[in-house]
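Asks: Here's my sequence, what's the structure:
(one chain, ligands or ions: 1)
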Amino acid sequence: MSTDITYAQELDKEDELNEFRHEFYQSPERLYFDGNSLGLLSKRAEQAVNTIMESWKQYGIDGWTEGEHPWFYLSEKLGRMSAHLVGAQPKEVIITGSTTTNLHQLTASFFQPNGKKTKILADELNFPSDIYALKSQLQLKGLHPEEHLIQVKSRNGHTLETSDIIEAMTDEIALVVLPGVLYRSGQILDMKTITKEAHKRGIIIGFDLCHSIGSIPHQLNDWDVDFAFWCTYKHLNGGPGSVGGLFVHQKHFGNHPGLAGWFSSNKEKQFDMEHSLTAASDAGAYQIGTPHLLSAAPLLGSLSMFEEAGIGKIRKKSLLLTEYLMNLIDTELIDHGFTIANPRDQAIRGGHVYLEHPEAARICKALKANRVIPDFRNPNGIRLAPVALYNTFEEVWKMVNILKSIMENQSYKHFENKRGVIA
Ligand SMILES: *Cc1c(COP(=O)(O)O)cnc(C)c1O
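Replies: Numbering: from 1, shown residues only. Here you go, the predicted structure:
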């Protein structure tokens, strides 16, 4: 592979998604590689917010049923628009809540300890919020988290072995909750196999798709996954605090939600104002209260781009970008103490590259001082996400060369090797 910038420019010319880049607010002086933490604003997302604001301005209360996107049906509409990203039937997806509240809702609904089966299986590498939620759900059921939450161990601190996960599915496990893509190493778990093995043992299984949705394809319906949940502000570019999403397999339709509210209703019945809930007969049943419409609005614009681009093409470009980035790191940064800690194998490599370095905190600060936006993960990790819809190969080239000069001139030593409040 050539390390010349002209090679990167050639790859950009062959990129079939390059027109989407112009739909995002990308500052020309900034190299943004943090789309797996907060995706960038697109013009379409901005326009969609304006449209919802306009219907408020124009219709007042009647915006619930009037205007281009009646608010009463927006969560369902956005669910239908997201279904292709997770391989779901349109009614299996609803845009509601946040990652963590959706996990609470789904655990409250699907974790039914019974007889010997009283434990939840998670992993030791997952994002803290998921673990806190699972522990508190155990506590609500009067179970001790130390005893009833089992966390699969990683052999190398970065990845999980499918066989270790399966081995941990003992006859005491009632529920398994795992990420689709690990937030640090970016490893893709074999959701299909793990689901099959869980079901063989009578275990319900759900996945956290925060780092996989919008980055890799899924087939949740075919794989027979029981439920899933995710945020929409990372790869889906829904904006800070945008409304989350969830999937419930159609085979569970008709069940009562664990945490009910009036938006769990069958929509025809909701305004009958009865005190006994008639829950929606689809994933809509897992909503609780009034949707956060202004935080859902950007998704109308953002998801339309995913519909046009198609997750297949997004994944294809993403793999080329991460491959190119890793090759450049191998050749340009070889003498500077970086380890590539994400899996290289395409079958299990997610949408970002994960580097480790003992000076990672101050290297990230030096990158930011040079207008490169990486993502630091305590204590020694640097995540770099070249995003298919808006990053270019040339940007990857520039970023690696800035990193190289920071290492060569040791300018990172001007910064303290300590994380900021948000990192
Ligand atoms: C980003 C992320 C979260 C964040 O949860 P919110 O409720 O959206 O704040 C939770 N879990 C994982 C795995 C994440 O990557």
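Asks: you'd agree residue 386 is up against residue 317?
Replies: No - under the criterion of C-beta atoms under 8 Å, residue 386 lies out of contact with residue 317, with a separation of 9.0 Å. Using the backbone N, CA and C atoms, a C-beta is placed for each residue, glycine as well.
Asks: what is in contact with those two at once?
Replies: Taking C-beta atoms under 8 Å, 6 or more residues apart in numbering as the contact criterion, residue 386 and residue 317 have no common neighbours.
Asks: Now the residue nearest to residue 351 when sequence neighbours are not counted: phi and psi?
Replies: Setting aside the residues directly before and after it, residue 351 is nearest to residue 215 in space (C-beta to C-beta, 6 or more residues apart in numbering), at 3.5 Å. Main-chain torsions, residue 215, degrees, to the nearest 10: phi -120, psi -40.
Asks: Residue 215 and residue 180, how far apart?
Replies: Applying C-beta to C-beta, to the nearest Å, the value for residue 215 to residue 180 is 9 Å.
Asks: Residue 38 now?
Replies: Here the criterion is C-beta to C-beta. By it, residue 38 lies 19 Å from residue 180.
Asks: do the same with residue 54
Replies: Between residue 54 and residue 180 the computed distance is 36 Å (C-beta to C-beta).
Asks: same check, this time on residue 72
Replies: Distance, residue 72 to residue 180, by C-beta to C-beta: 31 Å.
Asks: what does residue 254 give?
Replies: Between residue 254 and residue 180 the distance is 26 Å, computed by C-beta to C-beta.
Asks: Is residue 358 in contact with residue 382, as I believe?
Replies: No - no contact is recorded between residue 358 and residue 382 when judged using C-beta under 8 Å, the distance being 11.5 Å.
Asks: who has more neighbours, these two?
Replies: Between residue 358 and residue 382, counted using other C-beta atoms under 10 Å, the more crowded position is residue 382 (23 against 10).
Asks: hang on, the more buried one is in a strand, isn't it?
Replies: Yes - in this structure, residue 382 lies within a strand as judged by DSSP: H, G, I helix; E, B strand; the rest coil.
Asks: Name the nearest residue to it, ignoring sequence neighbours.
Replies: Leaving out its chain neighbours, residue 382 is closest to residue 355 (C-beta to C-beta, 6+ apart), at 4.4 Å.
Asks: Need the phi and psi values for that neighbour.
Replies: Note on residue 355: its backbone torsions stand at phi -100, psi 150 [degrees, to the nearest 10].
Asks: what's around it, how many residues?
Replies: 23.
Asks: List the contacts of it.
Replies: Contacts of residue 355 were listed using C-beta under 8 Å, 6+ apart, and they are 329, 338-341, 381-384.
Asks: ok, now with 10 Å
Replies: Contact analysis of residue 355 by C-beta atoms under 10 Å, 6 or more residues apart in numbering lists 325-326, 329, 333, 338-342, 363, 374, 380-384, 403.
Asks: For this protein, give me the ranges with low pLDDT.
Replies: The model of the chain has pLDDT under 70 over residues 423.
Asks: packing partners for the longest strand seen in it?
Replies: Looking only at the chain and at elements set by DSSP state E, the strand with the highest residue count is strand 173-179. Here strand 173-179 touches helix 99-110, strand 119-123, helix 128-140, strand 149-152, helix 191-200, strand 204-208, strand 227-230, going by 3 or more C-beta pairs under 10 Å, 6 or more residues apart in numbering; DSSP states H and E.
Asks: Specify the angle between the fifth one and strand 173-179 in degrees.
Replies: Regarding helix 191-200 and strand 173-179, their directions subtend 170 degrees when assessed with axes from the mean of the first three to the mean of the last three C-alpha atoms, to 10 degrees.
Asks: next one: the longest one
Replies: Here helix 128-140 runs at 160 degrees with respect to strand 173-179, directions being taken by the same axes, to 10 degrees.
Asks: Which positions in helix 128-140 come out as buried?
Replies: 130-131, 133-135, 137-138 (16 or more other C-beta atoms under 10 Å).
Asks: can you list those residues in CSV and add distance to the ligand?
Replies: Conversion of these to CSV gives the following (distance: C-beta to the nearest ligand atom, whole Å):
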residue, distance to the ligand
130, 5
131, 9
133, 9
134, 11
135, 14
137, 14
138, 18
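Asks: Who are the contact partners of whichever residue of the stretch 151-300 of the chain sits closest to the ligand?
Replies: The shortest separation between the stretch 151-300 of the chain and the ligand is 3.3 Å, found at residue 210 (distances taken as C-beta to the nearest ligand atom). With contacts defined as C-beta under 10 Å, 6+ apart, residue 210 is in contact with 36, 99, 127, 129-130, 179-181, 183, 229-236, 244.
Asks: next one: residue 340
Replies: Per C-beta under 10 Å, 6+ apart, neighbours of residue 340: 185, 325-326, 329-330, 333, 353-356.
Asks: Could you check which of residue 38 and residue 180 has the larger neighbour count?
Replies: Remark: of residue 38 and residue 180, residue 180 carries more neighbours, 24 against 18, as counted by other C-beta under 10 Å.
Asks: neighbours around residue 291, how many?
Replies: By the measure other C-beta under 10 Å, the count of residues near residue 291 is 21.
Asks: meant to ask about residue 23, not that
Replies: Residues within reach of residue 23, counting by other C-beta under 10 Å, total 18.
Asks: ok, it touching residue 45?
Replies: Yes - look at residue 23 against residue 45 with C-beta atoms under 10 Å: they come within range, at 9.2 Å.
Asks: Overlap in contacts, those two.
Replies: A shared contact of residue 23 and residue 45, defined by C-beta under 10 Å, 6+ apart, is any residue touching both; here these are 301-302, 305.
Asks: returning to what we had before: in the longest strand of the chain, which residues are buried?
Replies: When neighbours are counted by 16+ other C-beta under 10 Å, the buried residues of strand 173-179 are found to be 173-179.
Asks: Neighbouring strands - and their directions - for it?
Replies: Applying DSSP bridges, strand 173-179 is found paired with strand 119-123 (parallel), strand 204-208 (parallel).
Asks: buried set for the helix or strand where residue 320 lies?
Replies: Under the assignment given by DSSP states H and E, the secondary-structure element containing residue 320 is helix 311-332. By neighbour count, and taking 16+ other C-beta under 10 Å as the criterion, the buried residues in helix 311-332 are 311, 313-315, 317-322, 324-326, 328-329, 332.
Asks: Over to stretch 209-218?
Replies: Within stretch 209-218, the residues that qualify as buried by neighbour count (16+ other C-beta under 10 Å) are 209-216, 218.
Asks: Repeat that for stretch 259-266.
Replies: When neighbours are counted by 16+ other C-beta under 10 Å, the buried residues of stretch 259-266 are found to be 259-260, 263-265.
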